[in-house]
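>>> any chance you can model this:
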Amino acid sequence: MLTVTNHTLEKVENLLKSAGYKVRYEKGNFKTGACLLQSSRMIVVNKFSNLESKIQALAELIRGTDIDQKLLDEKQLAFYQQIKQTELQL
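Model (predicted):
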């Protein structure tokens, strides 16, 4: 499981940035905590969501996206694999 801390949110954001995605926090009518715009590789997160919802939404997008692991350093790769593994535990 991912811990609900600002540090975890930063790690998720950095992983996505290294993979070529842009993460923005905006207001809007979100049914979930975030949405992915495929053509621009941009992720828009509901800025009014609580910390747990933000982390969960970004982790869910990572699980559903194939990220080129060559773009990640060793720590990010280990974190990426941890996020992918949490899907199996749910």
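>>> using CSV, write down the CA coordinates of the host helix or strand of Phe79.
Element membership for Phe79 (DSSP states H and E) is helix 74-89. Coordinates of each C-alpha in helix 74-89 appear next as CSV, following Å, rounded to 0.1, in the frame of the first residue of the first chain:
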residue,chain,number,x,y,z
GLU,A,74,16.5,2.8,-10.3
LYS,A,75,14.5,4.3,-7.4
GLN,A,76,11.6,5.4,-9.7
LEU,A,77,11.6,2.0,-11.3
ALA,A,78,11.3,0.3,-7.9
PHE,A,79,8.5,2.7,-7.0
TYR,A,80,6.7,2.1,-10.3
GLN,A,81,6.9,-1.7,-9.7
GLN,A,82,5.5,-1.1,-6.2
ILE,A,83,2.5,0.8,-7.6
LYS,A,84,1.9,-1.9,-10.2
GLN,A,85,2.0,-4.6,-7.4
THR,A,86,-0.6,-2.8,-5.3
GLU,A,87,-3.1,-3.6,-8.1
LEU,A,88,-2.6,-7.3,-7.5
GLN,A,89,-3.1,-6.9,-3.7
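>>> what average pLDDT does it get?
Across helix 74-89, pLDDT averages out at 84.
>>> pull out the buried residues from it.
Under the neighbour-count criterion of 16 or more other Cβ atoms under 10 Å, helix 74-89 has Gln76, Leu77, Phe79, Tyr80, Ile83, Thr86 buried. Where you see a C-beta, it was placed from the backbone N, CA and C, and this is true even at glycine.
>>> much appreciated, bye for now.
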